[in-house]
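[1] Pasting a predicted model and its sequence here:
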Amino acid sequence: MNTFEEISEKLFSWANDRNILFNENASKQLNKLSEEVGELNGAYLKGKEAEEKDSIGDILVVLNIYCHQRGLNINECFNGAWEEIKNRKGRTRNGS
């Protein structure tokens with residue numbers, strides 16, 4: 001199994017070959033991200049685990065491309081979010 005970094009390197013090469021990596025395409029990636037999240041929601045509601053996995057993979061691909069287009073590092077974004085929440089003491093209510 002490839003690491004996230006190895007897949008990202010291959011993904012950026014693939015996206016570059018298709019002229020996707022330009023910042024001008026970032027809004028298209030955001031639209032695609034919304035579409036993929038909708039598909040994940042549909043798969044969850046239907047109880048279709050294979051489709052959930054596919055949707056999550058698609059979300060990661062689109063989000064990684066978007067970050068690259070915007071000059072952001074997805075690992076730094078993820079780490080920053082973790083640093084922000086790691087010491088929170090709150091509790092969930094109704095699942096959130």
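    Thanks, I have the structure now.
[2] can you pull the contacts of I20?
    Under the criterion of C-beta atoms under 8 Å, 6 or more residues apart in numbering, the neighbours of I20 are 29, 65, 69. The way it works is simple: take the backbone N, C-alpha and C, and place the C-beta from them, glycine included.
[3] got a winner among those residues for most neighbours?
    Within the contacts of I20, neighbour counts (other C-beta atoms under 10 Å) peak at I65, which reaches 24 neighbours.
[4] tell me what whatever helix or strand that residue lives in is packed against?
    I65 belongs to helix 49-69 when assigned by DSSP states H and E. Contacts defined by 3 or more C-beta pairs under 8 Å, 6 or more residues apart in numbering; DSSP states H and E place helix 49-69 against helix 4-17, helix 26-46, helix 74-85.
[5] could you give me the average pLDDT of the longest one?
    Put plainly, it is helix 26-46. Regarding helix 26-46, the rounded mean pLDDT is 97.
[6] Ok, the first one next?
    If you average the pLDDT over helix 4-17, you get 96.
[7] quick one: contacts of it?
    So helix 4-17 is contacted by 2, 21, 61, 64-65, 68, 74-75 (C-beta under 8 Å, 6+ apart).
[8] buried stuff in the helix holding I65?
    For helix 49-69, the neighbour count (16 or more other C-beta atoms under 10 Å) marks 52, 55, 58-69 as buried.
[9] same deal with stretch 25-39?
    By neighbour count with 16+ other C-beta under 10 Å, stretch 25-39 contains the buried residues 25-26, 29, 32-33, 36-37, 39.
[10] want to throw these into TSV with distance to L45?
    Supplementary listing: the buried residues of stretch 25-39 in TSV, determined by distance: C-beta to C-beta, whole Å:
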residue	distance to L45
N25	30
A26	29
Q29	25
K32	21
L33	19
E36	15
V37	13
E39	11
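[11] I'd like to know which of those residues is nearest to T92.
    V37 (20.6 Å; C-beta to C-beta).
[12] Which residue, other than its chain neighbours, is closest to that closest one?
    Residue nearest to V37 in three dimensions, not counting chain neighbours: I59, with 6.4 Å by C-beta to C-beta, 6 or more residues apart in numbering.
[13] From N19, how far out is the one you found?
    22 Å (C-beta to C-beta, to the nearest Å).
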